[in-house]
Each structure stands twice: as C-alpha cells, then as structure tokens.
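*Asks:* Compute the structure for the input listed below.
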Amino acid sequence: MPRSVLFVTGTRADFGKLEPLAIATRNASFEVSFFTTGMHMLERYGLTKLEVHRTPGVQVHEFLNQRIGDPQDMVLAKTVTGFSDFVKEFAPDLVVIHGDRVEALACALVCATNYIRCAHIEGGEVSGTIDEIYRHCNSKLASQHFVSSDDAARRVMALGEPAANIHTIGSPELDFHASPSGVTFAQVQARYDLLKAEDYGICVFHPVTSEADTMGTQADALFGALAQSGRNFVVIAPNNDPGSAAIFDAIAQMPQERFRALPSMRFAHFSELMKNAKAMIGNSSAGVREAPFLGLPSLDIGTRQTNRAKSPSVFSQTPPIPIRLRSSSKHSGASHIRVMTPLAAAARQSGLSQF
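*Replies:* Have a look, this model is predicted:
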C-alpha cells in the first residue's frame, strides 16, 4: 500500500506553491490528498476550493474553519479541532504545510502533538510582521524543511533544526512561471472580462494584521493614487486577514472603466497576466518574488514584505501613505509609472523615480 502524503492548503497563494509539489509526489506513486480550508471555502474570495478539485489524481477533503470576520485566534482554534479529528481518521504518513498562515500553524501543532511527520515549505523567510512569527513556529513544529534559498536555510538552522533535515529547493511556483502558462493572454482577457487595454498594472494589497486599524487609511491612499494616475489596473482581492473589509471598501470606489477587480484567478491565468503586465503594485509576495523572476517591475508598499529578499526591479515605499502617481512616461519603448511621495529625495536616491 503506498504511503499517504497530505498537503494543507488554505489560500490561493499557497496552493500555487503546493500544487507542483503535490503533482510530483503523485507521480512518484504516493497517495496524495489535500486538506482544503481557509479562504478556499469562502465565496467572497472566489471559492477557490474548485481549483484544488481540478488537480487530477488526488483526493480533496474540505473543512470550513471560519466565517467572514472571525478573529485569527478563533480560526486557529477551529482549525486545530477540525484537523485533529481529521487526522485521527485519515492517519497520513506525512503532512505538508506551507509558509506562515494560521491554518498551517494549526495543522503543525496537531502534527507535533500527535507525532505525525510534518514538512514545512518556505520556512526561514523574514517579513517583520506576526506572519514571520507564525512561519518560525511552523519550522520548529515541523521535522523536514524545504526552503527557497541558502539564507532561509541558515535561518532555519539557527532555530536549531539539523542541517540534514533542511533542503533548498527554490520557490516551487517559479517552475510553473518558467514554462508556458498553457493559456493565451486573449483567453485571460475573455475569461475574466478584462479591460482591453494592453498597457495595465496589477495591484494586490493585503491587510497587515498589526496595522488593522489603519488599513482603511492606507488603502484609500493607495487606490486613490492609482485612480489619479489615469492608468488601467487589474486588482486582485486581498486575503481574509483582519483589516480586509476596509480594503474591499476602497476597491469598490475605483472607476470601473479603468479598474477590473477580481476575487481570485486561476494560477495559470494569473501567470499569463503577470507576463503581460507593465508593473505590479501592492504588498503581495508575488511582487517581491515572482515579479522579479518574470522581469516585471514592482512597487512594494508598506511593511508586509519588510526584510524579504529584494531584487533591483523591486522598489519599496514606507510609510505607505500618502502616495501620488503621475502619468506614465516612455523610456526606450517601455512603460514606466512614476511615483512621488513626501520622501521624494529618498525615492530618487533609490532609483524609484525611474520606475
């Protein structure tokens, strides 16, 4: 009987990283399943559990761990209870978690207290927010570590984990981005009823849990600046962390003739969207990891990605407000968005004005 490997997925983002690993595991003749929970189960965020179900040759188990507005401690408690019941019956040989989400933390706790083998994907990253604390907790609760870089490997080792249990594999979703997406840009436009303009940016702005009280102010400043720019944007909805409601409110005020707001996108379609965009703006990890890989210039807003590895194509702006975007200029045939802030001198010094 083949060994069973259970992947835990709670968001569209972690599924994009776990799916290629799950497929490789399935192809190696293991029995592969997904424990699907979190944002995947919520219609407001695109009901992305459907994407998990489209993965061929795997089992999918669903668990509703929250209602809109539940605080994170309640989500944690519900997930611990639900996953504990599940593994008692399912008895996986290995559980695979990713990153820094509260669902991953809950499942790692259950694994540790029940002596179930647990592997953690992309440990050792730093961000300076509570997400970093969750991520390091997940690393200590897991027994095997699959990290994205040598720096991340050193951080996990500094936590006391044995070098033999740390494996540097890169960021799994980049393997997908490196290949043809399987869809054309015209198909992406048709499926999501996108603006026909070819000159567009992508904006993904998530709440920062420690700044939940100011997320409305930050979102109003950011999206107000984007509206004033006169440019076209595809806006992907934020995650469901505290503060997301205020971001949704700001997005709802955007002029529909230039802004297309989507709850989520299929990963292949999002990859193709990024490959054809002119810039990415917000605080998603896609802006500091996937965008540079694809040669897409990005502007990282605020503190959510603090201390993450950055490339020369990533420009950062903190504090995140106020921001004013001017109309674009052309350099060597390429489109650039110029950003001016009260820290204009620092921006110019960092090369931000060229962006």
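
*Asks:* Could you list the low-pLDDT ranges of this protein?
*Replies:* 128, 309, 319-355 (pLDDT under 70).

*Asks:* try it again with 50
*Replies:* Flagging of the chain using pLDDT under 50 yields the residue ranges 320-355.

*Asks:* Is Thr318 in contact with Gln305, as I believe?
*Replies:* No - Thr318 is beyond contact range of Gln305, at 10.0 Å (criterion: CB atoms under 8 Å). C-betas here are computed from N, CA, C, even on glycine.

*Asks:* Compare neighbour counts for those two and give me the winner.
*Replies:* Neighbours were counted for Thr318 and for Gln305 using other CB atoms under 10 Å; Gln305 has more, 27 against 13.

*Asks:* what sits against the closest residue to that one other than its chain neighbours?
*Replies:* Excluding the flanking residues, the one nearest Gln305 by CB to CB, 6 or more residues apart in numbering is Val288, at 5.1 Å. Counting by CB atoms under 8 Å, 6 or more residues apart in numbering, Val288 touches Ser298, Asp300, Gln305, Arg308, Ala309, Lys310, Ser311, Val314.

*Asks:* quick one: Val288 is in a strand?
*Replies:* No - secondary structure assignment places Val288 outside any strand; it is helix (DSSP: H, G, I helix; E, B strand; the rest coil).

*Asks:* In terms of secondary structure, what does the lengthiest helix in the chain contact?
*Replies:* Longest helix in the chain by number of residues, with DSSP state H as the criterion: helix 72-90. Applying 3 or more CB pairs under 8 Å, 6 or more residues apart in numbering; DSSP states H and E, one finds that helix 72-90 makes contact with strand 4-9, strand 31-36, helix 102-113.

*Asks:* Could you save the ones you listed as CSV and add columns showing mean neighbour count and distance to Pro92?
*Replies:* Below are the helices and strands packed on helix 72-90 laid out as CSV (neighbours: other CB atoms under 10 Å; distance: least, CB to CB, whole Å):
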stretch, mean neighbour count, distance to Pro92
strand 4-9, 25, 4
strand 31-36, 22, 7
helix 102-113, 24, 9
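
*Asks:* quick one: which of those is nearest Gln187?
*Replies:* Smallest distance to Gln187 across the helices and strands packed on helix 72-90 (CB to CB): 25.0 Å, for strand 4-9.

*Asks:* Return the distance of the following helix or strand past the closest one from the chain's centre.
*Replies:* Using DSSP states H and E, the helix or strand that follows strand 4-9 towards the C-terminus is helix 12-27. Put simply, helix 12-27 sits 14 Å off its chain's centre (CA atoms, centre = their mean, to the nearest Å).

*Asks:* what's the answer for stretch 136-153, then?
*Replies:* 18 Å.

*Asks:* circling back: for the helices and strands packed on helix 72-90, which one sits closest to Ala212?
*Replies:* Closest among the helices and strands packed on helix 72-90, using CB to CB: helix 102-113, at 14.3 Å.

*Asks:* quick one, that closest one and helix 12-27 angle?
*Replies:* 50 degrees (axes from the mean of the first three to the mean of the last three CA atoms, to 10 degrees).

*Asks:* Show me the contact partners of helix 102-113.
*Replies:* For helix 102-113, the surrounding residues in contact (CB under 8 Å, 6+ apart) are 8, 10, 14, 35, 37-38, 65, 72, 75-76, 79-80, 83-84, 87, 95, 97-98, 116-118, 120, 134, 137-138, 141-142.

*Asks:* Most neighbours of all the contacts of Val288, which one?
*Replies:* Neighbour-wise, those (other CB under 10 Å) top out at Ser298, 29 neighbours.

*Asks:* just checking, that one touches Lys278?
*Replies:* No - with contact defined as CB under 8 Å, Ser298 does not count as touching Lys278 (10.7 Å).

*Asks:* Skipping its backbone neighbours, what lies nearest Ile23 in space?
*Replies:* Ile23 sits nearest to Thr55 (CB to CB, 6+ apart), 7.1 Å away.

*Asks:* can you count the residues close to Asp85?
*Replies:* 12.

*Asks:* and it, how far is that from Arg12?
*Replies:* From Asp85 over to Arg12 the distance is 25 Å, taken as CB to CB, to the nearest Å.

*Asks:* Same check on Ser179?
*Replies:* Taking CB to CB, one finds Ser179 at 19 Å from Arg12.

*Asks:* cool, Leu105 as well?
*Replies:* 18 Å.

*Asks:* How about Val204?
*Replies:* 11 Å.

*Asks:* so what sits against both of these two?
*Replies:* With CB under 8 Å, 6+ apart, Val204 and Arg12 have no common neighbours.

*Asks:* So those two - more neighbours on which side?
*Replies:* A side-by-side neighbour count of Val204 and Arg12, using other CB under 10 Å, places Arg12 first with 24 against 20.

*Asks:* Cool, thanks, signing off.
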